[in-house]
Every structure is written in structure tokens, then in C-alpha cells.
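Visitor: Dropping the sequence and predicted coords here.
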Amino acid sequence: MLAAAVLTLLVGLLDAALPGLRFRRLAESRPGQPAASALRQRLCSQPRRTRRAAWRLRIALLGALAICVLAAPAGGRLPVALISLAGLASLSALGASRTLQRPGTIADHAAAVMAWLIVPFFFMQRQRNSGASPMPRNPDDTIAEIADALASESDERQRMVEALLDLRRRTVEDIMVPRSEIEGIDIAAGWDAIIERLRHTQHTRMPLFDGDLERVQGIVHMRLVANELASGRLTPDRLREIAARREALLTPEGTTLDAQLLRFRRLRRRIAFVVDEYGDIQGLVTLEDILEEVVGEFTTQPAMGRLDFSVRPDGSYVIPGGVTLRSINRVLGWKLPTGGPRTLSGLIVEQLESIPEPGTSLKLGGHPTEVLQVADNAVRTARIWPAAAGAGE
């Protein structure tokens, strides 16, 4: 009976020790803690090999536990079996809640104990390229380590890592601001209108164009404009000079988000215009948009205000048709389909297969929807209810 309890405890310690043994970053000592032993550092240096060794040790412990139950006297077999089942059930519940898979002090202490039991199984496996020069790492090894990390991190960190990996599969069109929604400064407009726009804009950078967005002059930084305004030196020519310091950055459709992120970093830029194969501007993508896909909303402005959502007393939302479906899903936590059109207007037109009239009602992904305004062959605004409400509206 005592042997069964000890074996069950070792299985639990093994689960708790894994975060302290599988990741390279956990091999380094934390402030105020002694350095990890050479044995632990060796195990942490090869997480995939350590993971396999841990599974072999787990099988050995469970096998020994089964032997204890079968080898117990006939009269004491039932108590031993009940102790074993109760212990394994408790470990299963703790594992499902990730309680045993959290990195920290408990994981470090458990790793210090279990390392001595894992190491025989670790060295039983052949070490590839032993004694040879270091070989390029197999991508499968990296993916396996990422999967290991995801298994023991918090839900928030898991979502961030998954979003980071998703950047390679998504393109700039998925998150860009559509051309019709781009806010800029038209140098051909009246000077008073330009000054009014500069004084009240909430953006730190805005494109300057001459009559049409295709004739973009560059990007205006509001900090430089504010200095000129304060000194009374701002003129149309001076505004053009400020914009010319930072010419517009163009990026083709189909560029993946990870490639665009690296391009922003390499060129030290934050804004790019998305152009089609003919060079026509289709939208605008910013560094902040890409980062928010990974870490979520981090702007100090309320998300509702940024997307111009209007909340009605009945719980419905009035949303501009040019807002992207991914933005709506991210802000409201909905699951509107994103496999086809990228904007709310596009999804409505695709589903109806025609340009709707104001007042047209339909359902989008289970959400009752009413078209409010239509202009220029596109839906300008629509009213949408949550999927579980508004069915009788």
C-alpha cells in the first residue's frame, strides 16, 4: 500500500517537474536562486529528448504501480487499487486544470528531484550527431519545443504564441484599413480646413495627398506639425516639406504579416499603403495593427471609439460597412466568417448577391443584421445584434 502511494506521488512530481526540465530558458538561474545543476542544464539543453525520457519514466512508474496492485495479497488488493485509482484521478484533474504544469518554484524543486530518475532514460536514447559538428536544427524540433511551451503557459500566452505563428498565414489585406476609410490631409483643400483637421486629429501620423490618394506626397508626423503651428511658421509649402521627409511606403497585396512586420523593423517605418498589381492603393496597414493581432488591443483609446461602433439601448451595434470582419470579431468577441470578404459591406453583398436597399434584413453568422445606409454600390452602415438576442427585431 505504501509502495502504491509512493509511486503515485512520483507520477505527480514528474508532471510538476516537466516545466523545469523541458525549456532552455528555465535552465538559467533566476535572481535570488542558485544556479541549476549541471545535470538539469544537460536535460534542459535537449527538451525533445528529455520529453521522450519523461514519457518512458512515466510508463515505468505506471507499470510498477500496476504490478503493486496485482502483487498485493488477495485481501489487500482492493485498498491498494482504490489508493492507486484515487491518486491517478487526482493527478488527472490537476493536469486538466494545468496546476501541475506551471513554471515556478514548485517546478524547479520537483525538477531537482526527478532529474535523477529521468536521466537513465535520457541517456538510453541515442544522441544524434554525437561528436560531430553542430548541425542546423530541424524545424520539427523547434515546433515541438513551441508545443511544449504552449502546454504549460497561461491561456493568454498561448493565444499570443498562436497569433504569432498565425502571422505567416495571414496577409496585409486581412487587417488593412480599406481605402475608403483612410484618413489623410488633402493639400488641395482650403487652408482653413487643413488647419482644422490638423488641430483635431487623433492620429500621430497622417498621409498627405494632392486631390486624390493616388497622388500621395508622404507621411506627416503630427509632432513636427505641432512645432510649426506653435511658432506660426506652418504654410502649405512647409507642410509639403514635412511630408517629403518620409515618403509613402508601398507594399503589394498578398504580403504576409510576418514579412511586413520584418519590413517595418528593417526600414524603421510604421505605415504602409497596400497596392494591387496595377499599383493602385487598396488600403493602409500600420505596425500597431500587426502588433494588436498578437497582443490584442493596447491603444489607450477605447476600441469602440476607434472603430466608430455605436451601441444602441437594445444591445445592437451600428457599424460602418468598411470595418474589417476581423476587427469586429476581435472587439466584440464574435465569430463572423472571415474566409471570404474582409469587410462587413463585402460580407453583406456576397450573402445577398446584390447591392441591398436600406432596410434589408439578413443574418450573418447567426447575427440578425439590418442594412441602414447604402452609397456608391457599398453598404455604408449596418445594424447588428448579438447572435443570442434580437431575433425578433
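Guide: Yes, it's here. Numbers count the residues shown, from 1 in each chain.

Visitor: Next, the contact list for Glu247, please.
Guide: Glu247 makes contacts with 218-219, as judged by Cβ atoms under 8 Å, 6 or more residues apart in numbering. For every residue, glycine as well, the C-beta is placed using N, CA and C.

Visitor: any idea which helix or strand carries it?
Guide: Assigned by DSSP states H and E, Glu247 belongs to no helix or strand.

Visitor: What ranges in the stretch 151-300 of the chain fall below the confidence cut-off?
Guide: 151-159, 296-300 (pLDDT under 70).

Visitor: Helices of that one, start to end?
Guide: Remark: helices assigned in the stretch 151-300 of the chain by DSSP state H, counting those that start in this stretch are 155-166, 191-200, 222-231, 236-244, 257-267, 287-295.

Visitor: So which of those is nearest Arg383?
Guide: Nearest to Arg383, of all the helices of the stretch 151-300 of the chain, is helix 287-295, at 25.5 Å by Cβ to Cβ.

Visitor: Measure how far the closest one is from the centre of its chain, please.
Guide: Helix 287-295 sits 8 Å away from the centroid of its parent chain (Cα atoms, centre = their mean, to the nearest Å).

Visitor: Which other helices and strands does it contact?
Guide: With contacts taken as 3 or more Cβ pairs under 8 Å, 6 or more residues apart in numbering; DSSP states H and E, helix 287-295 sits against helix 155-166, helix 257-267.

Visitor: Can you tell me which of the ones you listed is packed in deepest?
Guide: helix 257-267 (a mean of 15; mean count of other Cβ atoms under 10 Å).

Visitor: got the contact list for it?
Guide: Residues outside helix 257-267 that contact it (Cβ under 8 Å, 6+ apart): 167-168, 170-172, 174-175, 249, 251, 255, 269-270, 272, 285, 287, 290, 293.

Visitor: Just these: which are in strands?
Guide: 251, 272, 285 (DSSP state E).

Visitor: Tell me how this structure divides into domains.
Guide: Per automatic domain parsing, the structural domains of the chain span 2-126+135-150, 172-295, 303-384.

Visitor: what about the strands in the chain?
Guide: 177-178, 185-186, 205-210, 212-221, 250-252, 271-275, 281-286, 310-311, 317-320, 361-364, 367-375, 378-384.

Visitor: before we move on, the earlier item: just put the helices and strands packed on helix 287-295 in JSON lines and tack on distance to Val113.
Guide: Converted to JSON lines, the helices and strands packed on helix 287-295 look like this (distance: least, Cβ to Cβ, whole Å):
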{"stretch": "helix 155-166", "distance to Val113": "26"}
{"stretch": "helix 257-267", "distance to Val113": "41"}
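
Visitor: Go through the ones you listed and name the closest to Gly322.
Guide: Of all the helices and strands packed on helix 287-295, helix 257-267 comes closest under Cβ to Cβ, at 20.1 Å.

Visitor: what's the angle between that closest one and strand 281-286?
Guide: Here the directions of helix 257-267 and strand 281-286 differ by 70 degrees (axes from the mean of the first three to the mean of the last three Cα atoms, to 10 degrees).

Visitor: Could you check how far Leu117 is from Leu224?
Guide: 64 Å (Cβ to Cβ, to the nearest Å).

Visitor: Hmm, Val225 is touching Leu234, no?
Guide: Yes. Assessed by Cβ atoms under 8 Å, Val225 is found in contact with Leu234 at 6.7 Å.

Visitor: ok, Thr369 to Pro386 distance?
Guide: Distance from Thr369 to Pro386, by Cβ to Cβ: 11 Å.

Visitor: These two: which has the busier surroundings?
Guide: Neighbours were counted for Thr369 and for Pro386 using other Cβ atoms under 10 Å; Thr369 has more, 26 against 15.

Visitor: so how many other residues sit close to the spatially closest residue to that one that is not a sequence neighbour?
Guide: With sequence-adjacent residues excluded and distances taken as Cβ to Cβ, 6 or more residues apart in numbering, Thr369 is closest to Ile384, at 4.9 Å. Neighbour count for Ile384, taken as other Cβ under 10 Å: 24.

Visitor: show me what contacts Ile384?
Guide: 316-317, 319, 364, 367-370.

Visitor: For Ser345, which residues are in contact?
Guide: Ser345 neighbours (Cβ under 8 Å, 6+ apart): 321-322, 378-380, 382.

Visitor: Brilliant, that's me finished.
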